[in-house]
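Chemist: I need the structure of the sequence given here:
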Amino acid sequence: MSKEFFEAVKMLEAEKGIPAEYLFEKISTAISAGGKHAFNGKDIVHCDIDAEKQKIKVYATKNVVEEIEDPDTDLTLEQAQAIRKSAKVGKTIDIPIKTKDFGRIVATTAKQVIRQAIREAERGQMYQEFKSKVQELITAKVDRIDPITGNVTLEIGKNRTTLPKAEQVPGEVYTEGESVKVFVVDVKEGGKGPKLLVSRTHPGLVRRLFEQEVPEIYDGTIEIKSVSREAGSRTKIAVYTKDEDVDPVGACIGPRGQRVSNIVEVLGGEKIDIVKYSDDPAEFVAASLAPSEVCSIEIIDENAKTCRATVPDDQLSLAIGNKGQNVRLAVRLTGWNIDIKPESGFFEGSE
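Modeler: Residues are numbered from 1 along each chain as shown. Next up, the predicted model:
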């Protein structure tokens, strides 16, 4: 019996990766809890599991008394000495119990606790595995698309999660069986176990794509300072390096534009502006308004982070962008409120 039990635990450890010590602790607790039924719910049953010697010891600890008050917890000196000659009044004595004496109810209770312990351990393992993926880019397989909500069910290894319609890039079409890159925003505990929260619209997706595509970012030579994104349309990314021999913008674009082209392809044609970060707010704001040229930047209030950008008249619409998109992304990228002014001064527009 003991040998089979220990072999079963070893098999569980190998198959499910659950530490044997954890299982022994839960099983011991389950047997002790189940044993209480044999003593009208009194908490006197204990279980010791010795993995090294492959022995299971189950026993009830009772008080040695002169006169019995509770037959579930007390023994007379005569009864106790029949089990152990050295027993004395005022002390306790451990009485060995055979688990088969517990009965069906006790066995069922113990099994339920053991099963629950295994489920909890598996959930804990899954949660830790998922937690390690948070803020990372992963590749998932499209399992199905809900025709009503538009939500996409994704396979990630042996697990599944949902890519909500709100986290999908506008205009993207998914097909069952295709692979898709998603950004893991967070992991949440749920009734059926942990669940990954994933997105295709999160700026972190672009950040991770650049880290994968540009070795200088991966090794730390180039740093991504900030990213602002309107998924499916345009992204601005600010990059910086302390190495004077490295062109951070050129490195991100890559030879013949190959690196940024690879990222644009993954994003389904989303436009990407790569700008050079500067500690000088005026320089940074001017760069952030690309592809528009900028004549000058006037800092209006440094504490409130407001400034005015003057641009050539023929660049005004480019600086503002379609429905204000270009300047809106520049504001998010830099953290500065930017007023746009044409060089002629005849028109003022602000974001």
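
Chemist: strands along the stretch 151-300 of the chain, start to end?
Modeler: 152-156, 159-163, 179-188, 195-199, 222-230, 234-241, 271-276, 296-301 (DSSP state E, counting those that start in this stretch).

Chemist: quick one: the ones you listed as TSV, columns for mean neighbour count too.
Modeler: All C-beta spots, glycine's among them, are computed from the backbone N, C-alpha and C. Converted to TSV, the strands of the stretch 151-300 of the chain look like this (neighbours: other CB atoms under 10 Å):
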stretch	mean neighbour count
strand 152-156	19
strand 159-163	18
strand 179-188	18
strand 195-199	22
strand 222-230	20
strand 234-241	22
strand 271-276	20
strand 296-301	13
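
Chemist: show me the one of those strands that comes nearest residue 20.
Modeler: Closest to residue 20 of the strands of the stretch 151-300 of the chain is strand 159-163 (CB to CB; 24.7 Å).

Chemist: partners of the closest one, with directions?
Modeler: strand 152-156 (antiparallel) (DSSP bridges).

Chemist: for the chain, which helix or strand comes out least confident on mean pLDDT?
Modeler: Each helix and strand of the chain was given a mean pLDDT (mean pLDDT, DSSP states H and E); the minimum falls on strand 349-350 at a mean of 44.

Chemist: follow-up on the earlier one: which of the strands of the stretch 151-300 of the chain sits closest to residue 77?
Modeler: strand 179-188 (58.8 Å).

Chemist: got the CA positions of the closest one in CSV?
Modeler: What follows is strand 179-188, C-alpha atoms only, in CSV (Å, rounded to 0.1, in the frame of the first residue of the first chain):
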residue,chain,number,x,y,z
SER,A,179,-0.3,32.7,-36.0
VAL,A,180,-0.5,36.1,-34.6
LYS,A,181,1.7,38.2,-32.3
VAL,A,182,0.1,39.6,-29.2
PHE,A,183,1.3,41.7,-26.2
VAL,A,184,0.5,40.3,-22.7
VAL,A,185,-0.9,43.2,-20.7
ASP,A,186,-1.6,41.3,-17.5
VAL,A,187,-2.6,38.1,-15.9
LYS,A,188,-5.8,37.7,-13.8
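
Chemist: quick one: furthest residue from the center of this structure?
Modeler: In the chain, residue 78 marks the outermost C-alpha relative to the chain mean, sitting 61.4 Å out by CA atoms, centre = their mean.

Chemist: report all helices and strands that the host helix or strand of that residue contacts.
Modeler: If you go by DSSP states H and E, residue 78 is part of helix 77-83. The helices and strands touching helix 77-83, judged by 3 or more CB pairs under 8 Å, 6 or more residues apart in numbering; DSSP states H and E, are strand 55-65, strand 92-96.

Chemist: go through the last one and flag the buried ones.
Modeler: Which is strand 92-96. For strand 92-96, burial by neighbour count (16 or more other CB atoms under 10 Å) applies to 93, 94, 95.

Chemist: neighbouring contacts of it?
Modeler: Residues from elsewhere that reach strand 92-96, judged by CB atoms under 8 Å, 6 or more residues apart in numbering: 46, 57-64, 75, 80, 83-84, 87.

Chemist: direction included, what does it pair against?
Modeler: Short version: by DSSP bridges, strand 92-96 pairs with strand 55-65 (antiparallel).

Chemist: still on that earlier bit, tell me which of the helices and strands packed on helix 77-83 sits nearest to residue 184.
Modeler: Comparing the helices and strands packed on helix 77-83 by CB to CB, strand 55-65 comes nearest, at 42.6 Å.

Chemist: show me what whichever strand or helix holds residue 21 is packed up against.
Modeler: Per DSSP H and E: residue 21 is located in helix 20-35. Counting contacts by 3+ CB pairs under 8 Å, 6+ apart, helix 20-35 is packed against helix 2-16, strand 45-50, strand 55-65, helix 104-131.

Chemist: tell me the angle of it relative to helix 104-131?
Modeler: 150 degrees (axes from the mean of the first three to the mean of the last three CA atoms, to 10 degrees).

Chemist: low pLDDT regions in the stretch 51-200 of the chain?
Modeler: Filtered on pLDDT under 70, the stretch 51-200 of the chain yields the residue ranges 99-110.

Chemist: how about TSV for the buried residues of strand 92-96, with distance to residue 257 added?
Modeler: Below are the buried residues of strand 92-96 laid out as TSV (distance: CB to CB, whole Å):
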residue	distance to residue 257
93	84
94	78
95	81
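
Chemist: need phi/psi at residue 246.
Modeler: Residue 246 adopts backbone torsions of phi -110, psi 130, taken as degrees, to the nearest 10.

Chemist: show the pLDDT at it.
Modeler: What the model reports as pLDDT for residue 246 is 95.

Chemist: how about it: what's its closest non-neighbour residue?
Modeler: Of all residues not flanking residue 246 in the chain, residue 221 sits nearest, at 5.9 Å (CB to CB, 6 or more residues apart in numbering).

Chemist: could you do residue 235 as well?
Modeler: Closest to residue 235 by CB to CB, 6+ apart is residue 229, at 4.3 Å.

Chemist: now the one you found: how far from residue 70?
Modeler: Between residue 229 and residue 70 the computed distance is 71 Å (CB to CB, to the nearest Å).

Chemist: picking up where we left off before, looking at the contacts of strand 92-96, which is nearest residue 175?
Modeler: Nearest to residue 175 among those, with distances taken as CB to CB, is residue 58, at 57.8 Å.

Chemist: quick check, the residue nearest to residue 235 in contact with residue 203.
Modeler: Yes: Residue 229 lies in contact with residue 203 (CB atoms under 8 Å); the separation is 4.4 Å.
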